[in-house]
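Student: show me how the following folds:
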Amino acid sequence: MTEAIRQQPSALAREWTRLRADFWDFGMLSWIPLLLCGLLWWIFSAGIARDLPIVVIDRDNSALSRQLTRWLDASPGVLVAAKVGSSDQALALLRERSAFGYLVIPDGFEKELSQGRQATVQWLYNAQFSSHAGALLRDVRTVSTTLSAGVEMTARGKKGVSGVQAAAQFEPVRTQLNSLYNENISYEAFLTLALMPSMLQIFIVIAVVTTVGRELRDGTVPQWLASARGSWWRAVGAKLLFPLLAYAALALLYLLFFSLVRGWAVAGSLPGLVLGMLLLVLAYCALGLLLIASTLSLRLSLSGTAFITAPAFAFAGQAFPLMAMPPAARAWAQALPLTHYLEVQTTYWLGGAPWRYGTAQLLVLAGFAIGCGALGLLLLARRANAPAAWGRT
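Tutor: Below you'll find the predicted structure:
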């Protein structure tokens, strides 16, 4: 045991020397993921979409229709970009993406309302952009409902009904809406918190595949193994140690930034969330090792990395509900560590759940780390020391 401990720094020193000599490899463990994660956060840092452009077709041109237009423009999420005279003009602006919807106020709008009759405004929107459409629909509906309530209460007030009675008569059944866990419906909390681990898992697998794959490609496996005194445990451990430490530190930095700087405090089990992050890094280190051990080819392993990690977020149940996916897609999603980690993060971070609610997913992540790691190490030890495995691209 003493001899093994004394010999361990040789493999680590070799790996550290290689990292320091390669600008891009060192960057993959430091400034490159930091830069890209910072860029990702900056994109969604506004949190809430504001001033999305729409077009208004005002065929009534009355005081009430102009008031509706002003209120729409004053709504935080809406910008009345133009007033046009026809649907053809409005559709042209939608096709140019100068606007994402248009509102048609019919002729006789004010007259119909003043006579106590119903007036209908048409809201047409570009449903290709679901986020834009959802935000605009919410604001347009809020403004039109507010205006409608004001008109109705004014009419009832003229009949001698008090304001309290008018409000109760206008809306006898009121729905109280309360958003949980993401009160401001912020895209920063919804997307950025999920996209950061999604980006991190790509870097982890690339780093592991590259650092091991280059030994195979360059035919330096004997030197690599000799630096570990013939022990595959020490050889692989020295390779994985630096990616493990670097990405675990990045994961913790991500946690500290969003919880302390951005104010998204961990509402549930902090130890559970930290453990989940560490298990995510371990799971993807193990997956990278299994990929390169299975193919013995840097090129094929990097292709497999792209196939597995790049679309992983789409299967993770954050953008599209996991339960609504076809069985094959759900099975693939469950085979990805990211899916289980994001469930842990959602449960603990904003959901405020105690430790026990995420233990099943933590065990799955631990299973990925142990299973993929053990199998990858076994395959590498059996296959990689043969000259036939060296020099492959």
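Student: just the helices from the stretch 1-150 of the chain, written as ranges.
Tutor: Using DSSP state H, counting those that start in this stretch, the helices of the stretch 1-150 of the chain run over residues 2-21, 23-28, 31-44, 63-74, 87-95, 109-114, 130-158.
Student: export these as CSV, with columns for mean pLDDT.
Tutor: Listed next are the helices of the stretch 1-150 of the chain as CSV, based on pLDDT from 0 to 100:
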stretch, mean pLDDT
helix 2-21, 72
helix 23-28, 92
helix 31-44, 92
helix 63-74, 91
helix 87-95, 92
helix 109-114, 84
helix 130-158, 78
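Student: which one of the ones you listed lies closest to residue 336?
Tutor: Taking CB to CB, helix 31-44 is the member of the helices of the stretch 1-150 of the chain nearest to residue 336, at 19.4 Å. For glycine as for every other residue, the C-beta is placed from the backbone atoms N, C-alpha and C.
Student: what is the closest one packed up against?
Tutor: helix 193-217, helix 232-256 (3 or more CB pairs under 8 Å, 6 or more residues apart in numbering; DSSP states H and E).
Student: closest one to residue 292 among those?
Tutor: Per CB to CB, nearest to residue 292 of the helices and strands packed on helix 31-44: helix 193-217, 4.7 Å.
Student: next SSE after the closest one?
Tutor: helix 221-227 (DSSP states H and E).
Student: dump the C-alpha coordinates for that next one into CSV.
Tutor: Output of helix 221-227 as CSV, limited to C-alpha atoms (Å, rounded to 0.1, in the frame of the first residue of the first chain):
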residue,chain,number,x,y,z
VAL,A,221,-0.5,3.2,-24.0
PRO,A,222,2.7,1.4,-22.8
GLN,A,223,4.2,4.7,-21.5
TRP,A,224,0.9,5.6,-19.9
LEU,A,225,0.6,2.3,-18.2
ALA,A,226,4.2,2.3,-17.2
SER,A,227,3.7,5.7,-15.5
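Student: and the contacts of it?
Tutor: By CB atoms under 8 Å, 6 or more residues apart in numbering, the surrounding residues in contact with helix 221-227 are 10-11, 14, 215, 231-232, 235, 238, 384-385, 389-390.
Student: compare those and tell me which is most surrounded.
Tutor: residue 235 (26 neighbours; other CB atoms under 10 Å).
Student: quick one: pLDDT of that residue?
Tutor: Looking at residue 235, its pLDDT is 93.
Student: show me how this protein divides into domains.
Tutor: 2-45+186-389, 52-170 (automatic domain parsing).
Student: buried deepest among the ones you listed, which one?
Tutor: Most buried of the domains of the chain, by mean neighbour count (mean count of other CB atoms under 10 Å): domain 2-45+186-389, with a mean of 18.
Student: and residue 328, how far from residue 337?
Tutor: 19 Å (CB to CB, to the nearest Å).
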